[in-house]
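A.B. asks: generate a structure from the sequence data that follows.
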Amino acid sequence: MLQQTSQDMMAVPPATTLPRGNLRWYLNRLRCMPPGEIPFRLLRTAATHVESLGLRSYAAPRPDLSHTAACWLQVPEGVDAAPYLRAADRIIAGEFDVFALRGLQLGAPPRWNRDPRTGTEAPLTFGKLLDYRNPQLVGDIKYLWEPNRHLEMVTLAQACALSGEARYGRALLALLESWITACPCPRGPNWSSALEPAIRLINWSCAWQLIGGANSPLFADAEGARLRALWLDSVYQHAAFIRGFLSRHSSANNHLIGEVSGLFVAAATWPHWRQSRRWLATARAVLVREALLQNAPDGVNREQAVCYQQFEFDLLLSAWLAARGSGADFPAEFTARLECMLEYLASIMDVGGNVPMFGDADDGRVVSLSQEADFCPYRSLLATGAVLFGRGDFAAKAGRVDDKTRWLLGADCTERFARAAAVRGALPVRRVFPDGGYYILGCDFETAREIRLIADAGPLGYGGLAAHGHADALAFTLSVGGRELFIDPGTYTYRADSPWRRYFRGTSAHNTLRVDGLDQSEPGGSFLWLSKATADCRQWRSCAIEDFFEGWHDGYARLDDPVIHRRRIVLDKTARRIHIEDRLEMSATHRIELFFHCTEDCRLVAEDDSWLLEVDGQRARLRPPAVEASHVRVARGAQDPPLGWVSRRFDSRTAAPTLVWRADLTGPVLLKTTIDC
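C.D. replies: Residues are numbered from 1 along each chain as shown. From the prediction side, this is the model:
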């Protein structure tokens with residue numbers, strides 16, 4: 001997602017710093033820069049050094065509170081207040097959850113410039129020159145940044161709105177004042193990127209609306225008026241900082257969308273300065289352009305990462321709702337692209353609600369509006385889409401209206417959801433996503449007998465870096481009856497010094513074929529690739545008796561003896577049998593491996609020439625290629641090298657069985673695998 005945030009802070013250095021002790025990394029990075037990026041970075045470096053001398057002022061003009069502000073959040077009826085009050089009480093007690101670290105005692109208030117994972121306190125030097133990639137200096141910057149996004153302030157505002165207890169509002173303002181005092185603009189790690197202030201502004205906007213805006217009772221006395229003025233001054237500083245530090249060139253991926261979403265939301269929520277109108281116009285123009293650039297016409301986000309698809313959708317949705325709340329709107333093509341993004345999510349979600357973990361994932365959230373124990377971000381997006389677009393197919397996949405949708409869309413959203421659900425469309429919505437490169441093979445959709453296989457013949461990722469893509473060309477996932485069998489194992493970590501980062505984004509962590517122990521695309525850093533496999537679908541067809549997919553990739557054409565991999569997948573719907581043929585165009589001898597990653601709850605049993613898989617009573621049988629001198633083994637929880645793992649959450653991993661077939665073969669070769677469902 002400049003890659004200088006908690007999403008992908010290792011991809012690109014700040015414009016004012018160079019990687020230390022890593023000349024090869026920097027040379028590789030230069031290779032990926034498009035024309036114009038180097039002079040841009042040089043100019044930005046010079047401007048930043050000038051700014052560090054104190055020659056730019058972030059002093060806020062006096063706000064004019066007479067302007068009508070946008071409001072789109074509503075306190076919903078029928079929401080169980082208890083979980084919101086419990087969550088707010090934990091925050092007041094200084095207890096936070098940060099990724100895999102649950103129940104952290106960060107203090108009340110927290111030490112905002114301290115990494116809660118390592119305890120490292122980052123210096124309050126000029127933020128744009130701070131080397132936030134240096135763990136000795138800042139610790140793990142992803143963990144430091146996460147609490148500073150201020151999702152917790154929305155929780156306090158929700159508790160205040162639901163209970164009517166002013167103590168929650170006072171706790172919110174106390175946290176806010178402590179943050180502004182500890183993190184003066186533009187100093188310290190919380191002013192070293194533009195995305196982090198942008199996400200803060202979106203959360204501040206939600207909290208501001210929920211406590212009553214500029215006329216909140218919390219601001220009624222002199223002390224409240226002082227805190228309101230302090231808050232508004234910081235809002236202005238945030239917006240001015242973002243506008244002057246937008247991501248460009250190879251950095252202009254989801255970071256740029258996040259930055260201008262925050263700027264747009266701020267300008268709509270706080271239209272109290274003459275600059276607000278310019279911020280609004282600039283942000284709107286960039287949002288429309290980037291939403292269409294970064295999300296393909298078929299709805300697939302070009303990062304090739306499902307987690308980032310929902311993250312970016314929430315960013316775009318925040319701006320869209322802010323526009324509607326201010327009486328404005330976005331063009332029809334923007335709205336249509338949002339709807340297409342949801343069509344893709346609805347189509348890849350199986351009958352059990354499982355969504356494949358394609359590409360990178362870091363558990364990033366724009367805002368946290370639901371405290372429901374069974375909250376699912378993907379179902380929630382589809383519930384919101386069902387209401388906004390009147391889509392019965394989205395409603396069917398969502399199942400119900402969740403709390404996040406209620407907070408966003410108001411009291412009548414349940415009724416609108418019911419009206420949409422009454423007109424159910426066909427599912428899957430679509431089965432072919434040619435721009436994203438995903439193809440859905442299956443039968444008996446949305447029933448207990450469902451077979452849903454998703455084949456990947458898409459690009460590695462977005463732009464020159466392809467920062468969040470994985471080396472997974474021609475991989476597939478498979479679920480039967482809503483039970484995952486063969487999975488994409490996820491991401492686990494972004495830490496550059498970890499072999500786990502290379503493993504989870506590498507070819508051996510996906511259900512595809514590997515040659516000579518090499519990844520299809522050659523990594524050059526945690527968010528950089530030296531060479532990229534080109535993949536495509538050659539044929540796709542579907543009829544009543546079978547689905548047919550054939551794709552290819554050239555990732556191993558870089559070898560001295562070039563290898564082209566072609567994969568054909570055929571689903572025989574009557575026999576409920578999947579045929580996989582891997583054809584290798586090569587001349588010399590190569591070590592060939594096939595990987596089949598099972599879900600962590602899967603039981604694998606060897607039976608003669610096949611393997612029986614069982615998950616929650618759902619069974620399948622896999623027969624790997626019958627090739628002389630081939631070897632089959634099951635890896636589970638191996639660490640050196642890593643193999644046999646699944647990561648359902650960032651920085652958390654669980655051992656899971658992976659079946660590995662291996663043989664040394666001289667080409668050309670045809671390998672046949674069958675899976676009976």
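
A.B. asks: beta partners for Glu593?
C.D. replies: Arg514, Arg662 (DSSP bridges).

A.B. asks: residue contacts, it?
C.D. replies: By Cβ atoms under 8 Å, 6 or more residues apart in numbering, Glu593 lies in contact with 508, 513-514, 517, 660-662. Bear in mind the C-beta positions are built from the backbone N, C-alpha and C, glycine included.

A.B. asks: domain ranges for the protein?
C.D. replies: 23-369, 432-676 (automatic domain parsing).

A.B. asks: out of the ones you listed, nearest to Ala383?
C.D. replies: domain 23-369 (10.2 Å; Cβ to Cβ).

A.B. asks: tell me the centre residue of this structure?
C.D. replies: Centroid-nearest residue in the chain, with Cα atoms, centre = their mean: Tyr308, separated by 2.3 Å.

A.B. asks: if I've got this straight, it is in a helix?
C.D. replies: Yes. With DSSP: H, G, I helix; E, B strand; the rest coil as the criterion, Tyr308 is part of a helix.

A.B. asks: so what pLDDT did it get?
C.D. replies: Predicted confidence (pLDDT) at Tyr308: the value is 96.

A.B. asks: same thing with Gly54?
C.D. replies: pLDDT, Gly54: 83.

A.B. asks: can you tell me the SS state at it?
C.D. replies: In three-state terms, and counting by three-state DSSP, Gly54 is helix.

A.B. asks: what about it, how many neighbours?
C.D. replies: Counted by other Cβ atoms under 10 Å, the residues lying close to Gly54 total 8.

A.B. asks: can you check the one 3 residues further on too?
C.D. replies: Neighbour count for Ser57, taken as other Cβ under 10 Å: 7.

A.B. asks: work out for me the element it sits within.
C.D. replies: Ser57 belongs to no helix or strand when assigned by DSSP states H and E.

A.B. asks: also the one 3 residues further on?
C.D. replies: Secondary-structure assignment from DSSP H and E places Ala60 in no helical or strand segment.

A.B. asks: excluding residues flanking it in the chain, which one is nearest it?
C.D. replies: Residue nearest to Ala60 in three dimensions, not counting chain neighbours: Tyr236, with 3.6 Å by Cβ to Cβ, 6 or more residues apart in numbering.

A.B. asks: quick revisit: against Glu51, how distant is the residue nearest to the centre of the chain?
C.D. replies: In this view, Tyr308 and Glu51 are 30 Å apart by Cβ to Cβ, to the nearest Å.

A.B. asks: ok, of the contacts of Glu593, which come out buried?
C.D. replies: Using 16 or more other Cβ atoms under 10 Å as the burial test, the contacts of Glu593 include 508, 513-514, 660-662 as buried.

A.B. asks: those: which two are farthest apart?
C.D. replies: Farthest-apart pair in the buried ones among the contacts of Glu593 is Ser508 and Trp661; separation 12.2 Å (Cβ to Cβ).

A.B. asks: what does the one helix or strand Ala281 maps to contact?
C.D. replies: Assigned by DSSP H and E, Ala281 belongs to helix 274-294. Here helix 274-294 makes contact (Cβ under 8 Å, 6+ apart) with 61, 67, 236, 239-240, 243, 246, 252-254, 256-257, 260-261, 263-264, 266-268, 270-271, 301-303, 312, 316, 319, 323, 328, 330-331, 333-334, 337-338, 462.

A.B. asks: buried residues in that helix?
C.D. replies: Neighbour-count burial for helix 274-294 flags 276, 279-280, 282-284, 286-288, 290-291, 294 (criterion: 16+ other Cβ under 10 Å).

A.B. asks: also stretch 649-664?
C.D. replies: Quick answer for stretch 649-664 (16+ other Cβ under 10 Å): 650-651, 653-654, 656-663.

A.B. asks: inside strands: which ones of those residues?
C.D. replies: If you go by DSSP state E, the buried residues of stretch 649-664 have 653-654, 657-663 in strands.

A.B. asks: nearest to Gly437 among those residues?
C.D. replies: Distance to Gly437, by Cβ to Cβ, is smallest for Thr658 among those, at 23.7 Å.

A.B. asks: list the contacts of Lys672.
C.D. replies: Residues in contact with Lys672 (Cβ under 8 Å, 6+ apart) are 579-581, 625-626.

A.B. asks: quick one on the thing from earlier: including pLDDT and distance to Pro523, could the buried residues of stretch 649-664 go into JSON lines?
C.D. replies: Shown next, in JSON lines, are the buried residues of stretch 649-664 (pLDDT from 0 to 100; distance: Cβ to Cβ, whole Å):
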{"residue": "Phe650", "pLDDT": "95", "distance to Pro523": "19"}
{"residue": "Asp651", "pLDDT": "94", "distance to Pro523": "20"}
{"residue": "Arg653", "pLDDT": "97", "distance to Pro523": "19"}
{"residue": "Thr654", "pLDDT": "98", "distance to Pro523": "24"}
{"residue": "Ala656", "pLDDT": "98", "distance to Pro523": "23"}
{"residue": "Pro657", "pLDDT": "98", "distance to Pro523": "26"}
{"residue": "Thr658", "pLDDT": "98", "distance to Pro523": "20"}
{"residue": "Leu659", "pLDDT": "98", "distance to Pro523": "25"}
{"residue": "Val660", "pLDDT": "98", "distance to Pro523": "21"}
{"residue": "Trp661", "pLDDT": "98", "distance to Pro523": "24"}
{"residue": "Arg662", "pLDDT": "98", "distance to Pro523": "22"}
{"residue": "Ala663", "pLDDT": "98", "distance to Pro523": "25"}
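
A.B. asks: returning to that earlier point: columns distance to Arg621 on top of the buried ones among the contacts of Glu593, output as a markdown table?
C.D. replies: Below are those laid out as a markdown table (distance: Cβ to Cβ, whole Å):
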| residue | distance to Arg621 |
| --- | --- |
| Ser508 | 23 |
| Leu513 | 20 |
| Arg514 | 23 |
| Val660 | 18 |
| Trp661 | 15 |
| Arg662 | 20 |
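
A.B. asks: re earlier: list just the nearest of the buried residues of helix 274-294 to Gly637.
C.D. replies: Nearest to Gly637 among these, with distances taken as Cβ to Cβ, is Gln294, at 36.6 Å.
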